[in-house]
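K.L.:
next come a sequence and a model predicted from it.
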Amino acid sequence: MTKVPVSQNESSLKSGLRTVFSNLDNFFLTPRTAEILAILRIATGAMLCYIHCIWIFDLTSFFGANALLSLDVLDALHARTYKWTYLASTDSLALAFIHEILAAIAGVLLAVGFATRWTSIAAWFLTLMTVHRLTPLLFGLDQITLMLALYLCIGRSGGCWSVDAWIAALRRRAIKPSDGSAAVPVHGVILPVRSAKLSQWMGWDDDGRACWSNTLATRLIQLHLCVIYFFGGLGKLRGGMWWDGTAMWFSAASYEYQSLDLTWIGYYPILGAILTHVTLFWEVTYFALVWPKQTRPLVLMMAGMVHAGIAIFLGMITFGWMMIVANLAFIEPAWLRRCVSSRMKKPH
Amino acid sequence: MATSSRPNQDADHAEVPGRHCPKKIVPVVLLLVGFHLLAVLAEPLHFFSRSEVQTSPEFAALRRTLAPYVEWLYLDHGYFFFAPNPGPSHLVAAKLAANPGTSTTQTGTAEANENELSMGEIAYLFPDRTRQWPRLHYHRYFMLSEFYNNVFAPAELLEEDRQDPEFVARWTQDRQFYSSLQNSISNSIAHRLSESNPKLGQPQRPSIDLIRLERPLPSVEQVLKQGIRLNDSRALEVLPEAPGLNNSATMSAPASIPSVTAGIATENKILRVPSGEAIRPQRLTLPPRPSGKP
């Protein structure tokens, strides 16, 4: 056996590590533009607003002295955990009302992309506080929406299709260009944004360029989705109904979930079994097949169909919709730009 | 769609020059990313590695170490969506109970007004899509009823279980939590009923008994051949609160159930009360049952 000098071993190890580091750097931090994150921002903000509106709609059942989950129950439930929320320190209905109103407003501001840098954090934090107060009433919708809200805090999702982007464009027109030419006059209403500090603080100095934080946020959403689907699939592999092909029927036959009648599927047992198995194999293999360009469109199309089915037939339109939205993270901004520009060029 | 076999070589990145991460902080950012992804994995790994024998020690240690981060960021999910199998649904019925000193109308008396709730009647049911609307609102109640059922601890233990002190200690704790949840939900519903029906329960709030109901999943034959409807209330089973208890103590008569104004009442059928077979508090010895609900 040939002996390799220690220094050579070290150098090959170093170069190997450097390659890994460089690949990770490329994967997580290569700048990208904000179009896809902007779509996610709009959908997430709107959904957060809706979620909080529902809490407000039945406020006295969810908060206050007569809440379904009293503070005693919550204390016992969260004992020895780190699920802290200031909403668990008092049963004041007024505080809960103000909190929920602020959270709904933060959702709207996030959706329209106003001061996105701050409203994304506010929307995420306020929702997190609600989530820790009402844990037993939550389901997949809350998991996925909060996950998206968290990662939207990282990226510059206000970089396009937002009030921030609009203000930034106005600001660029209003500020005297460096070449000495005259500034374009704009409405007095945007005078305050001439302040460089304020603009920087609010994110109105964003010129829409690609940014590394957009990629980081996108990658985290993608990887988190892979984890969700992989373990979701593994969980199903443990169940007999997902193997014998009856899971689709029994999902359709659950009255509490049903929103549209899908029991006709019972007349076609082979169809039911195929749908069950396709769902299972798609979910288990999602984490691997969503990356290669040959399989990604198919995997995303499947995601769209499965979640649309959940939304339409199983009464979880909010959850199904947000899962479809989350899957958009796998679409490249360049592809979206090309689609938009080619559509705009088409003669009507 | 612009995709690539290697995600780090997206054409998009090469085309668009932009703001790059400062070189100095790249290692820190990547370390934080690694930490976060570990936290995302911690709960499902911990959840899946449980068995009746043990929880895999390395995943238990990982989950324990990252607990503050995982729990506060609400990353503690096992992602058991409709898994391992789609299961039966659970409902909670609130029955008006006898409450000394209240003016609750007695069932069957001549004074009973059609619009008033009577003692022994099911006054509230959840989830109920006729009462809880829109759908997200309904789903909140659905999750609560599933949670209520998941944390159920029986009122009594079987003789053989009483011999195991560890078992009894866990049961005591679980029972305490279940009872406090029961009180909390009852009080909330009682408050709601007295608000919407001022005559009810004067001078004090009406007393409420909660009944756990289960709707088993019907087979293809039952639905398509026998013509049983999914919302047929005859399929609803009243779950007992203690071993050997058929709930006759808490339910005055099955015939009183059809007077519910929504949901199961629309079927105008009686509920099937289970035979009262002994139930064992399996939750105490096994890992928590995954709800299978998204």
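P.N.:
All right, it came through fine.
K.L.:
what is the neighbour count of A:Trp84?
P.N.:
A:Trp84 has 15 neighbours, counted by other CB atoms under 10 Å in any protein chain shown. The C-beta positions use only the backbone N, C-alpha and C, and glycine is treated the same way.
K.L.:
what is the neighbour count of the residue lying closest to A:Phe250 once chain neighbours are set aside?
P.N.:
Distances taken as CB to CB, 6 or more residues apart in numbering or on different chains place B:Pro86 nearest to A:Phe250, at 4.2 Å, with adjacent residues excluded. A total of 25 residues lie near B:Pro86 under the criterion other CB under 10 Å.
K.L.:
ranges for the strands of chain B?
P.N.:
Secondary structure of chain B (DSSP state E): strands at B:18-19, B:89-97, B:122-126, B:207-215, B:237-238.
K.L.:
can you redo these as TSV with mean pLDDT, distance to chain A and mean neighbour count?
P.N.:
Output for those, formatted as TSV (pLDDT from 0 to 100; distance: least, CB to the nearest CB, whole Å; neighbours: other CB atoms under 10 Å in any protein chain shown):
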stretch	mean pLDDT	distance to chain A	mean neighbour count
strand B:18-19	90	3	16
strand B:89-97	93	4	23
strand B:122-126	91	9	25
strand B:207-215	95	6	20
strand B:237-238	94	14	18
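K.L.:
chain center to the host helix or strand of A:Met129, what's the gap?
P.N.:
According to DSSP states H and E, A:Met129 maps onto helix A:116-133. Taking CA atoms, centre = their mean, to the nearest Å, the mean C-alpha location of helix A:116-133 is offset from the chain mean by 13 Å.
K.L.:
now the following helix or strand past it, how far from the chain's geometric center?
P.N.:
Going down the chain from helix A:116-133, the next helix or strand is helix A:140-152, by DSSP H and E. Relative to its parent chain, helix A:140-152 has a centroid offset of 5 Å by CA atoms, centre = their mean.
K.L.:
what packs against the following helix or strand past helix A:140-152?
P.N.:
Towards the C-terminus, the helix or strand next in line after helix A:140-152, according to DSSP H and E, is helix A:163-174. Here helix A:163-174 touches helix A:196-202, going by 3 or more CB pairs under 8 Å, 6 or more residues apart in numbering or on different chains; DSSP states H and E.
K.L.:
list the contacts of the helix it packs on.
P.N.:
For helix A:196-202, contacts defined as CB atoms under 8 Å, 6 or more residues apart in numbering or on different chains pick out A:Ala115, A:Arg117, A:Trp118, A:Asp164, A:Ile167, A:Ala168, A:Arg171, A:Pro192, A:Val193, A:Trp204, A:Asp205.
K.L.:
what average pLDDT does the next helix-or-strand element following that helix get?
P.N.:
Sequence-wise, the next helix or strand downstream of helix A:196-202 (DSSP H and E) is strand A:210-211. Mean pLDDT, strand A:210-211: 94.
K.L.:
anything in the helix or strand following strand A:210-211 near chain B?
P.N.:
The element immediately downstream of strand A:210-211 (helix or strand, assigned by DSSP H and E) is helix A:212-237. Yes: applying CB under 8 Å from any CB of the partner chain, one finds helix A:212-237 touching chain B at A:212-213, A:215-216, A:219-220, A:223-224, A:227-228, A:231-232, A:234-236.
K.L.:
same deal with stretch A:76-88?
P.N.:
Yes: counting by CB under 8 Å from any CB, chain B has neighbours in stretch A:76-88: A:Ala76, A:Leu77, A:Thr81, A:Tyr82, A:Lys83, A:Trp84.
K.L.:
ends of that stretch, what's the gap?
P.N.:
From its first residue to its last, stretch A:76-88 covers 11 Å (CA to CA, to the nearest Å).
K.L.:
the residue nearest to A:Phe57 when sequence neighbours are not counted: what's it in contact with?
P.N.:
The shortest distance from A:Phe57 to any non-neighbouring residue, by CB to CB, 6+ apart, is to B:His137 (6.4 Å). Residues near B:His137 by CB under 8 Å, 6+ apart: A:Ile54, A:Phe57, A:Asp58.
K.L.:
so what's the residue count around the first one?
P.N.:
Okay, so that is A:Ile54. A:Ile54: 20 neighbours (other CB under 10 Å).
K.L.:
reformat the contacts of B:His137 as JSON lines; add pLDDT and secondary structure.
P.N.:
Shown next, in JSON lines, are these (pLDDT from 0 to 100; DSSP: H, G, I helix; E, B strand; the rest coil):
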{"residue": "A:Ile54", "pLDDT": "98", "secondary structure": "helix"}
{"residue": "A:Phe57", "pLDDT": "97", "secondary structure": "helix"}
{"residue": "A:Asp58", "pLDDT": "97", "secondary structure": "coil"}
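K.L.:
closest to A:Ala149 out of those?
P.N.:
Distance to A:Ala149 across the contacts of B:His137 (CB to CB) is lowest for A:Ile54, with 16.3 Å.
K.L.:
one step back: quick one, phi psi at the residue nearest to A:Phe250?
P.N.:
Phi and psi for B:Pro86, reported as degrees, to the nearest 10, are phi -60, psi 130.
K.L.:
just checking, it touches B:Pro218?
P.N.:
No: using CB atoms under 8 Å, B:Pro86 is not in contact with B:Pro218; the gap is 11.9 Å.
K.L.:
top of the residues of helix A:212-237 next to chain B by neighbour count?
P.N.:
Going by other CB under 10 Å, A:Thr215 tops the residues of helix A:212-237 next to chain B with 28 neighbours.
K.L.:
which one is that one nearest to, not counting chain neighbours?
P.N.:
Nearest to A:Thr215 is A:Arg32, by CB to CB, 6+ apart, at 4.7 Å.
K.L.:
quick check: domain ranges of chain A?
P.N.:
Domain segmentation of chain A under automatic domain parsing yields A:35-159, A:167-202, A:213-338.
K.L.:
end-to-end on the last one?
P.N.:
The first and last residues of domain A:213-338 sit 22 Å apart, counting by CA to CA.
K.L.:
what angle do the longest helix along chain B and strand B:89-97 make?
P.N.:
What stands out as the longest helix in chain B, according to DSSP state H, is helix B:165-196. Interaxial angle, helix B:165-196 versus strand B:89-97 (axes from the mean of the first three to the mean of the last three CA atoms, to 10 degrees): 60 degrees.
K.L.:
would helix B:165-196 count as contacting chain A?
P.N.:
Yes: using CB under 8 Å from any CB, we find that helix B:165-196 touches chain A at B:Gln176, B:Phe177, B:Ser180, B:Leu181, B:Asn183, B:Ser184, B:Ile185, B:Asn187, B:Ser188, B:Ile189, B:His191, B:Arg192.
K.L.:
got a list of what the fourth one touches?
P.N.:
By CB under 8 Å, 6+ apart, B:Leu181 lies in contact with A:Leu69, A:Val73, B:Tyr148, B:Val151.
K.L.:
hang on, the first one in a strand?
P.N.:
In this case it means A:Leu69. No: counting by DSSP: H, G, I helix; E, B strand; the rest coil, A:Leu69 is not found in a strand; it is coil.
K.L.:
would you mark the buried spots in the helix or strand of chain A with the lowest mean pLDDT?
P.N.:
Within chain A, no helix or strand scores below helix A:196-202, which has a mean of 84 by mean pLDDT, DSSP states H and E. Within helix A:196-202, the residues that count as buried by 16 or more other CB atoms under 10 Å in any protein chain shown are A:Ser199, A:Met202.
K.L.:
okay then, goodbye and thanks.
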